[in-house]
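Q: Kindly return the folded structure for what I paste below:
(chains A and B)
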Amino acid sequence: MPHIHHYRRFIGCLVAAASCFSAARSQAQVAIKGKIVHTMTSAGTIADGVVVITNGKIAAVGKATEVKIPDGYKVIEGAVVTPGLIDPRGTVGVSGLFNQRQDQDQLERSSPIQPELRGIDAFNPGDRLVEWVRSFGITTVHTGHATGELISGQTCIVKTTGKPVEQCTVVETATIAATLGPGAQKDGKASPGTRAKEVAMLREELIKAQEYQHKRDHPAPPDERPDGEDKRNPDRNLRSESLVRVLKGEVPLMVTANRAQDISGALRLAKEFKIRMILDSASEAYLLLNDIKAAGVPVILHPTMSRAFGEMENMSFESAANLTHAGIPTAIQSGYEAYVPKTRVVLFEAGIAAANGLTITEALATITTVPAAILGIADRVGSLKVGLDGDAAVYDGDPFEYTTHCTSVVIEGQSMPQIVH
Amino acid sequence: MNQCVGIGVAARSAQSTQPGCQMPLPSQPEHTLKQHPTTTSVAILLLAAGALAQVKPVAFTNAHIIPITGDEIASGTIVVQNGKILAVGGTVAIPADAERVNASGKTIMPGLIDTHSHVGGIAGADGSSPIQPSIRIYDSLNPFDPGFRRVVSGGITTLNVMPGSGHLLSGQTVYLKLRAPKRADAATPATIDDFFYLDETGTPMGGIKMANGTNSMGEAPFPGTRAKSAALVREQFVKAREYKAKKDAAAARNKPEDAPPRDLGLEALVEVLEGTRVVHHHTHRADDIMTVLRLQKEFGFRVVLHHVSEAWKIAPEIAAANVPCSAIVVDSPGGKLEAAEMSWTTGATLEKAGVHVAFHTDDWITDSRLFMRSAALAVRAGMTRKGALSALTLEGARILDLDRRVGSLEAGKDADFLLLSGDPLSVYTHVEQTWVEGVKVFDRGNPKDKLFATGGFGASTPTKPYMCCSENARGEEFGQ
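A: Reported below is the predicted structural model:
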């Protein structure tokens, strides 16, 4: 799944080989020079560094005095260079800028459990918010179904190039998104109406998927009942198939859980079904540092500047620092916004975390290397390392400072059109 | 008056060892603010500075001072006493009996002024009609709401608390000063009266909240269109004019019995017509802003344009109308059609056009603890540093008619000021202390105060936030 983009490019090149390769060469040969280059690798921060990008991939990273820029490369310069940033969990491209019925596809309300809904079938790469977050250096977004139903659907990982989804997708199914707590609860007699009901329904659904898979794996002779129904050999079922991928460990279950009891509930599920889990939002995670760490579950934390109301009333600006320093892999997300502003920008969210206990490098990691590792895309993005995608952002100062501008964004060696905000 | 009046949270712990508050004044060593007051002795010394501000001058020396009026002072002194500023400058004569606080490495600026906030567990007009001028927002305000603790932790000392924008006119607003509790045993001010600004007649000061555009439209009796919105407003102001004319005529003939029966709503609108109550008008789109200016011209009221997402398109028209703006700065466009074309350049564009500009939080839309971001993001988009810092302080004071008392560091003004760890436009800067009328009301060195600055267990709000605008937000943002 991770290489759709290149596959498509390859097909395209077969069609018109000569022009395609020459176009790739002219567009994708870039060198980026910075007074400070945050590699986010063991090479650390390089003073007067350079990143060379050849054919869309990083070909060299080092001190400008040691790395030769090949002739004919376009050179971009700036004060600070970072890897292209990752929004670890947002809804841009799915929850559109205008906030009108026709541009809101982040949540399907017809049923509480719909893991078969794919983010890629909703993602609109042309939404202005995709361009908006890119203009601050965000080149990769984990987007798709939002929190708000027990299982709201799948998420996907895309680049912010604005190209059709087939060309910008990094991972088609990155996670299946679940929600515990009041966010997924219904009024009146509809289910789930309580926390315990939520967990019961999730367990039932996962057990159903286990049994489905068992039957699919062990076909029985056809059950020749008069009504024609073959209970021993179930037909394909997209809903169960999606959850089977979770049970097999192919796709993590990302559980939005803010209150401590909801986080505990999520960890209990991870243990029972031995599934890969990511905790999402997790505003009271600082109360359960030991449990989360022992479970080996990473956290994609709520935006640092989230509003402290409702089930998030106890959120803290210091959570990212508390979790990171406890040894829990912690990324910082833009989340979902129902009103104004329609999206948050993880660069700013990480900046507030840097002002509240994280070092600048640690804060950068929450929107680069850590989410890349959590989402299983560290072989593509998140750091300036030879062989990775040529994604980088250039700033005229400390990226976290309010008065600094993002001056250039490069995705797979291509300079993106940049509106400097 | 008891000299303990007005001592902040931290001061009370000192008092507990000094029953009756007759504590002997400590000798006056010059203490530094560089160290965190983790030890009791340091804490008591710092507290003493707060307590003494009531009676003895306190001088903060060696600070980077941003007075707003006049140039920044690289290393200067500010002296306060009895709740007022005695002197500010690079070289200032410090009274011999003054407590000296070495504020080296710190930045001192005026307390921030938020011209548009919804904190305090408030609820204004109800769903019965689109125009409800008799509503006073302070009749719903909870002074114990922890939102106020967050507000002072962000350096805001004066704010305009308003009802929402879901009505053409949702009620009277109130201007508040977040003073320390008057009762020494109280954690927060016990009554809303502790927060009021009173005018010369002893009446709490405030404006009136109006709105146009989509938020205030809806099912009847709410208007369904923009033109209907304007028509309903005009009808009410025409009525208020006639009411006033009848009252004035009865008064002129000295025949009070001829005056129309009292009408609380029309009385408030008469204050608007007379210019004693300012209209704070929610408006986003350029054409909606022009509608406000059209009504303002017809009825002659004083108006402040709030939010102004598209003011950058019509800056010359706003300048020509000589009307100030209070702008919001949010992290992305959209969320509603009217905010789709918001721009961070609004501050710079209006400033260049000669419009008076302040910022606001619209808390809960943006967080009071992050108010300084607004100015910094405006500077990023081209506003001058001086203009942006003034937009957090003095311009807000002007909008609220409080500029003779607050908004800048000048001798004779209220001693409302902040000690910052660094530059106000830097993300890394924290408000270390907030002082109101010479009393420290927030100290980041005190864990009880810091909890509200950072959030965490126990900093929560007991009341639901006041939803200014959006059913959608009400349903989805908060889940329950």
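Q: So which bits of the stretch 1-150 of chain A are right by chain B?
A: Residues of the stretch 1-150 of chain A lying close to chain B (CB under 8 Å from any CB of the partner chain) are A:96-100, A:107, A:128-129, A:132-133, A:148. (Glycine included, C-beta is placed from N, CA and C.)
Q: doesn't B:Leu389 make contact with B:Ala376?
A: No - the criterion here is CB atoms under 8 Å, and B:Ala376 misses it with B:Leu389 at 9.8 Å.
Q: which ones are touching the residue nearest to A:Val394 when sequence neighbours are not counted?
A: Closest residue to A:Val394 apart from its sequence neighbours, by CB to CB, 6 or more residues apart in numbering or on different chains: A:Gly78 at 3.6 Å. Going by CB atoms under 8 Å, 6 or more residues apart in numbering or on different chains, A:Gly78 touches A:32-35, A:394-396, A:407-408.
Q: Distance of A:Gly78 relative to chain B?
A: 16 Å (CB to the nearest CB, to the nearest Å).
Q: What residues sit buried inside the helix or strand containing that residue?
A: Following DSSP states H and E, one finds A:Gly78 within strand A:74-83. By 16 or more other CB atoms under 10 Å in any protein chain shown, the buried positions in strand A:74-83 come out as A:74, A:76, A:78-83.
Q: With pLDDT as extra columns, can I get these in CSV?
A: Formatted as CSV, those follow (pLDDT from 0 to 100):
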residue, pLDDT
A:Lys74, 97
A:Ile76, 98
A:Gly78, 98
A:Ala79, 98
A:Val80, 98
A:Val81, 98
A:Thr82, 98
A:Pro83, 99
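Q: After the longest helix anywhere in chain B, heading C-terminal, what element do we hit next?
A: Taking DSSP state H as the criterion, chain B has its longest helix at helix B:226-252. Next helix or strand after helix B:226-252 toward the C-terminus (DSSP H and E): helix B:264-274.
Q: Can you list the low-confidence ranges for the chain?
A: All of this is about chain A. Along chain A, the model assigns pLDDT under 70 to residues A:1-27, A:223-231.
Q: my question was about chain B
A: B:1-54, B:183-189, B:461-480.
Q: Please enumerate the helices of it.
A: Using DSSP H, helices in chain B cover B:9-16, B:40-52, B:147-153, B:226-252, B:264-274, B:286-299, B:315-321, B:346-353, B:372-380, B:385-391, B:394-399, B:447-454, B:471-476.
Q: Could you do the stretch 51-200 of chain A as well?
A: Per DSSP state H, counting those that start in this stretch, the stretch 51-200 of chain A carries helices over the ranges A:128-134, A:165-168, A:195-217.
Q: ranges for the strands of the stretch 101-250 of chain A?
A: Ranges of strands in the stretch 101-250 of chain A, per DSSP state E, counting those that start in this stretch, are A:138-144, A:151-159, A:169-179.
Q: Outline the domain layout of the chain.
A: Using chain A here. A:1-83+A:383-421, A:85-184+A:248-381 (automatic domain parsing).
Q: The chain in question should be chain B.
A: Using automatic domain parsing, the domain parsing of chain B gives B:1-111+B:407-445, B:112-406+B:464-476.
Q: neighbours around B:Asp199, how many?
A: Counted by other CB atoms under 10 Å in any protein chain shown, the residues lying close to B:Asp199 total 13.
Q: Thought B:Val174 was touching it, still the case?
A: No - proximity of B:Asp199 to B:Val174 does not meet the contact threshold set by CB under 8 Å, at 12.0 Å.
Q: joint contacts of those two?
A: B:Met205.
Q: Whichever strand or helix holds A:Asn290 and chain B in contact?
A: A:Asn290 belongs to helix A:289-295 when elements are defined using DSSP H and E. No - judged by CB under 8 Å from any CB, helix A:289-295 and chain B are separated, with a smallest distance of 13.1 Å.
Q: Show me the residue at the heart of chain A, geometrically.
A: Using CA atoms, centre = their mean, the residue of chain A that lies closest to the mean C-alpha position is A:His142, 2.5 Å off.
Q: what does the stretch 301-421 of chain A have sitting close to chain B?
A: A:305, A:307-311, A:313-318, A:337-345, A:348, A:351-352, A:354-356, A:400-405, A:421.
Q: Name the nearest residue to the closest residue to chain B within the stretch 1-150 of chain A, sequence neighbours excluded.
A: Of all residues in the stretch 1-150 of chain A, A:Leu97 sits closest to chain B, at 3.4 Å by CB to the nearest CB. The spatially closest residue to A:Leu97, leaving aside those adjacent along the chain, is B:Gly334, at 3.4 Å (CB to CB, 6+ apart).
Q: That'll do, ta.
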